[in-house]
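Participant: I'd like to go over a predicted model; first the sequence, then the structure.
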Amino acid sequence: MIINSSCFSQNNRIENKLMECYYQSFQDNGIEIKKLIHDYENLLINEGFLKDNSAKSYITFLQNFSNQNIYTPSKFFCVESQNIKKLNEVNYLECRKLVLEDFKHTNTSKLESIEKAVINNSNPQNVVKDMLKVLTKEDFEIEYYKRQAFLVFCLIDTEAGLKKRDD
């Protein structure tokens, strides 16, 4: 039992491996997307969505979001990420498949719950409520879940937001 817990430490979580796949699937090995994640986090801090970059701040942000205390940021992560050189989806899917295979004997229910929440809900508040049911403060120390929090805004269809990009 001790061996299992040391093998799957915070650094060796499936979410980190999936982010590595994501980064490696860009031509620049994810340099631009990493910068965007950092810059977007700072944007959310500057605009008052997050108090700071702590896990606690992400939880508070999502709790406020799920309680309908929503206003939209000046930029949407999904729109901003479209300006980055495209992800090689074939490479990403192959890498993801290998990671999932490597972790097939590991509890991935948290990851699966989040993915199902995003796929099965069109309502951003419901997605966030489902996320909050399974994610802990420690999870928001992982970039994978921070990025998931950013993507919640992509579900908001507003005149000032996503519809604007169609102009």
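Facilitator: Sure thing, it's come through. Numbers count the residues shown, from 1 in each chain.

Participant: only C-alpha atoms for contact and neighbour calcs from this point on.
Facilitator: Noted.

Participant: setting the sequence-adjacent residues aside, check what's closest to Tyr40.
Facilitator: Leaving aside its chain neighbours, Tyr40 sits nearest to Phe77 (6.9 Å; criterion: CA to CA, 6 or more residues apart in numbering).

Participant: also Lys110?
Facilitator: Lys110 sits nearest to Val134 (CA to CA, 6+ apart), 6.2 Å away.

Participant: tally of neighbours for the one you found?
Facilitator: 13 (other CA atoms under 10 Å).

Participant: same question for the one 10 residues further on.
Facilitator: Here the count is done by other CA under 10 Å, and Tyr144 has 19 residues near it.

Participant: what's the helix or strand containing it packed up against?
Facilitator: Applying DSSP states H and E as the criterion places Tyr144 in helix 143-152. Packing contacts for helix 143-152, counted by 3 or more CA pairs under 8 Å, 6 or more residues apart in numbering; DSSP states H and E, involve helix 14-24, helix 55-66, helix 77-81, helix 124-134.

Participant: could the ones you listed go into TSV alongside distance to Leu93 and mean pLDDT?
Facilitator: Formatted as TSV, those follow (distance: least, CA to CA, whole Å; pLDDT from 0 to 100):
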stretch	distance to Leu93	mean pLDDT
helix 14-24	8	95
helix 55-66	28	89
helix 77-81	18	90
helix 124-134	23	87
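
Participant: which outside residues touch the helix holding Tyr144?
Facilitator: 15-16, 18-19, 37, 58, 62, 76-78, 124, 127-128, 139-140 (CA atoms under 8 Å, 6 or more residues apart in numbering).
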